[in-house]
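Asker: structure for this input, please:
(one chain, ligands or ions: 2)
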Amino acid sequence: MSPDDLKALVRTVPDFPAQGVQFRDITTLIAHGEGFAAAVEHLAGWAQAAGAEAVAGMEARGFIFGAAVAVRLGVGFVPIRKRGKLPVATIGIDYALEYGSDRLEMDPDAIAPGRNVVVIDDLIATGGTALAAVELLRKAGARVDHALFAIDLHDLGGANRLRAAGVAVEALMDFAGE
Ligand SMILES: O=P(O)(O)OC[C@H]1O[C@H](OP(=O)(O)OP(=O)(O)O)[C@H](O)[C@@H]1O
Ligand SMILES: Nc1ncnc2[nH]cnc12
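Answerer: Ligands and ions are numbered 1, 2, ... in the order given. Take a look at the predicted model:
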């Protein structure tokens, strides 16, 4: 399936979770077996070309694509969690979202220092989540040079913010970001 075919599988829900936000919903994409597999295959190709030694994904939607790509490549998966979920001492960072703010945490033992980790999420909007994940992984000693997304809301500038932080960015689909 081409990226245009995949784009047609994404549902747009107006005014969720706040007035004026066009929510780009992957539920309909991942419900489609062939579409989900094709999206994972595209992302896995990029992750392999980036030399991924591990994949990191952000709770919750980043787990869906990130874990699938990790299994596809036969590498480990690093879960970047929302606040208060991990049973051990964590490193954490507060960050702003298109529609609110939150905190990401990770177990510093989840990745060996020096490992080449590729960050994967369903979507990049402002880039706040992905930048926080990159910062956390780097704090844990990982090398983070690549981030991959199913969807880029390009008007919101997140991909360029990541590039300014030294991270190469690829996305399967572009959507207007309002
Ligand atoms: O580029 P940003 O402006 O940071 O926005 C993108 C993030 O927002 C969504 O997650 P959300 O925090 O809504 O959580 P969820 O995955 O649990 O639904 C999405 O899955 C990304 O992680
Ligand atoms: N517009 C949007 N649609 C879906 N997920 C998002 N995360 C941040 N902005 C989003």
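
Asker: quick one, what contacts the nearest residue to residue 160 once chain neighbours are set aside?
Answerer: Ranked by CB to CB, 6 or more residues apart in numbering and with sequence neighbours excluded, the top spatial neighbour of residue 160 is residue 127, at 7.9 Å. Any C-beta I mention is one placed from the backbone N, CA and C, and that applies to glycine too. Contacts for residue 127 (CB atoms under 8 Å, 6 or more residues apart in numbering) come out as 156, 157, 158, 159, 160, 161, 162.

Asker: elements contacting the longest helix along the chain?
Answerer: Counting residues, the longest helix found in the chain (DSSP state H) is helix 33-49. In this structure, helix 33-49 packs against helix 3-8, helix 27-30, helix 61-73, strand 116-124, strand 143-153, strand 168-175, with contacts taken as 3 or more CB pairs under 8 Å, 6 or more residues apart in numbering; DSSP states H and E.

Asker: next secondary structure element downstream of it?
Answerer: Next in sequence after helix 33-49, counting helices and strands by DSSP states H and E, comes strand 54-58.

Asker: from the contact counts, what lies against that following strand?
Answerer: Judged by 3+ CB pairs under 8 Å, 6+ apart, strand 54-58 is in contact with helix 61-73, strand 76-82, strand 116-124, helix 128-139.

Asker: give me the contact list for it.
Answerer: Strand 54-58 is contacted from outside by 47, 63-67, 69-70, 73, 75-80, 104, 111, 115-121, 129-130, 133, 137, 142, 144, using CB under 8 Å, 6+ apart.

Asker: one more: stretch 63-71?
Answerer: Contact partners of stretch 63-71, identified using CB under 8 Å, 6+ apart, comprise 26, 30, 36, 39-40, 43-44, 47, 54-58, 76-77, 79, 118, 120-122, 148, 150.

Asker: if we use 7 Å, what do you get?
Answerer: 30, 39-40, 43-44, 47, 55-57, 76-77, 79, 120, 122, 150 (CB atoms under 7 Å, 6 or more residues apart in numbering).

Asker: mind listing what's buried along it?
Answerer: 63, 64, 65, 66, 67, 68, 69, 70 (16 or more other CB atoms under 10 Å).

Asker: can you check stretch 77-96 too?
Answerer: Counting neighbours by 16+ other CB under 10 Å, stretch 77-96 gives 77, 78, 79, 80, 81, 90, 92, 93, 95 as buried.

Asker: and the chain, which of its residues are near ligand 1?
Answerer: 58-62, 97-98, 102, 121-130, 158 (CB under 6 Å from any ligand atom).

Asker: near ligand 2, which residues of the chain?
Answerer: Within the chain, the residues that sit near ligand 2 (CB under 6 Å from any ligand atom) are 21, 22, 23, 24, 98, 123, 125, 153.

Asker: can you tell me the centre-most residue of the protein?
Answerer: Among the residues of the chain, the one closest to the centroid is residue 121, at 1.6 Å (CA atoms, centre = their mean).
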